[in-house]
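1. sequence below, structure please.
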Amino acid sequence: MGASQSSQIFVGKRREIKKQIEIFWKYPSARSDVDAYYKNAENHQYTKPPGYKGLRWIEKKTPFTDWKDKILAHNDKVIIIRNEASPDIRQYTKGEEHKAGMSLIHVLIISKENLFNGVSLDSTNADIIPQGIDLFKTSWDNDPSFRQAVLDHQVEMIRKRDRNVDIAMGHFEKMKEKAQALRADDFTFGLHLSPDHSVPHFHIHAIATPKEFRKHSTKVHDKKTKDVLEVYHIAKNRTNAPNRHRFLNAFMPRSWRGEREKSMQQK
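-> Sure thing, here's the model as predicted:
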């Protein structure tokens, strides 16, 4: 999961990541709603907590749940799909800039399982992050048909807009050869952690990072975007089932408890 220095544009937010995770798990309905979404519980009533600042809480069905539309690549755990937005901000009117893509090349990596947003990840499921990144990197570097399908999608999204199509296409044509020459390490991977997400289902944003690829794309989301590797390293050292610790401690010899509690504090 290595990345070139030029692609690490969202790093340095570990404190914010930890805070967002801690705030999420303080909501009384967080555990039951996360579990219900994962289990696809038909009769569960999801409860958006009072005071929750996000647009969308956990939902029974999201646009990415049981994805049946076009798939660019997949493995046992994740699917790579297109981002339904033009990569060129000039195709959007004032006030709509946030709807544009974050780069000339911008795709999404979604989990096959019903995982909520990245704040729900812990040591049991955080490996969904390297599994998704590895699929993208392997596909981009080794499968020309994947790379071409991604570029074709960007053209499709540009042509779907009514505004400044020729201008946006002119820029894309100018960048097309450079796009073909990109390597996987020229991409960065970000998460919009709750409450900053727009779709509750877990997904990673994969974007081409070089400045010229982001020249006419939106940067509105940069501040809220968290680097996936920072999220991964925090999640791998977490457990989101605190009651389990109390259960284990009840059956643990007293001489062991101090060492275990010290170990947990260091994570």
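
2. the bottom helix or strand of this structure by mean pLDDT?
-> None of the helices or strands of the chain scores lower by mean pLDDT, DSSP states H and E than helix 242-250, at a mean of 39.

3. confirm that Ile204 sits in a strand.
-> Yes. According to DSSP: H, G, I helix; E, B strand; the rest coil, Ile204 belongs to a strand.

4. next one: it from Tyr52, what distance?
-> 23 Å (C-beta to C-beta, to the nearest Å). In this view, the C-beta of every residue, glycine as well, is placed from N, C-alpha and C.

5. so the two - more neighbours on which side?
-> Set Ile204 next to Tyr52 and count neighbours by other C-beta atoms under 10 Å: Ile204 wins out with 23 against 17.

6. any idea of the pLDDT on the more buried one?
-> On pLDDT, Ile204 comes in at 98.

7. and it, how close does it get to His153?
-> 17 Å.

8. just Val228 next, same as before
-> 21 Å.

9. check Ile80 too.
-> 11 Å.

10. these two: which is more packed in?
-> Neighbour count, other C-beta under 10 Å: between Ile80 and His153, Ile80 has more, with 23 against 20.

11. so where does that one fall, helix or strand?
-> In the assignment (DSSP states H and E), Ile80 maps to strand 78-82.

12. output the contacting helices and strands for that strand.
-> strand 73-74, strand 106-111, helix 128-142, helix 144-160 (3 or more C-beta pairs under 8 Å, 6 or more residues apart in numbering; DSSP states H and E).

13. number of residues surrounding Glu173?
-> So Glu173, with other C-beta under 10 Å, has 10 neighbours.

14. tell me which element it falls in.
-> Following DSSP H and E, the helix or strand that holds Glu173 is helix 165-181.

15. what do you get for His197?
-> Using DSSP H and E, His197 falls outside every helix and strand.

16. from Ala149, how far out is it?
-> Following C-beta to C-beta, the distance that separates His197 from Ala149 is 26 Å.

17. more crowded one of the two?
-> His197 (21 against 18).

18. what residue, apart from its backbone neighbours, is nearest that one spatially?
-> Residue nearest to His197 in three dimensions, not counting chain neighbours: Asn117, with 5.1 Å by C-beta to C-beta, 6 or more residues apart in numbering.

19. ok, now Gly118?
-> Per C-beta to C-beta, 6+ apart, closest to Gly118 is Leu191, 4.3 Å.

20. next, the one you found: secondary structure please.
-> strand.

21. picking up where we left off before, in the helix holding Glu173, what counts as buried?
-> Neighbour-count burial for helix 165-181 flags Ala168, His171, Phe172, Met175, Ala179 (criterion: 16 or more other C-beta atoms under 10 Å).

22. for the residues you listed, give me TSV that also has pLDDT and distance to Thr218.
-> Formatted as TSV, the buried residues of helix 165-181 follow (pLDDT from 0 to 100; distance: C-beta to C-beta, whole Å):
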residue	pLDDT	distance to Thr218
Ala168	97	13
His171	97	14
Phe172	97	16
Met175	97	17
Ala179	96	18
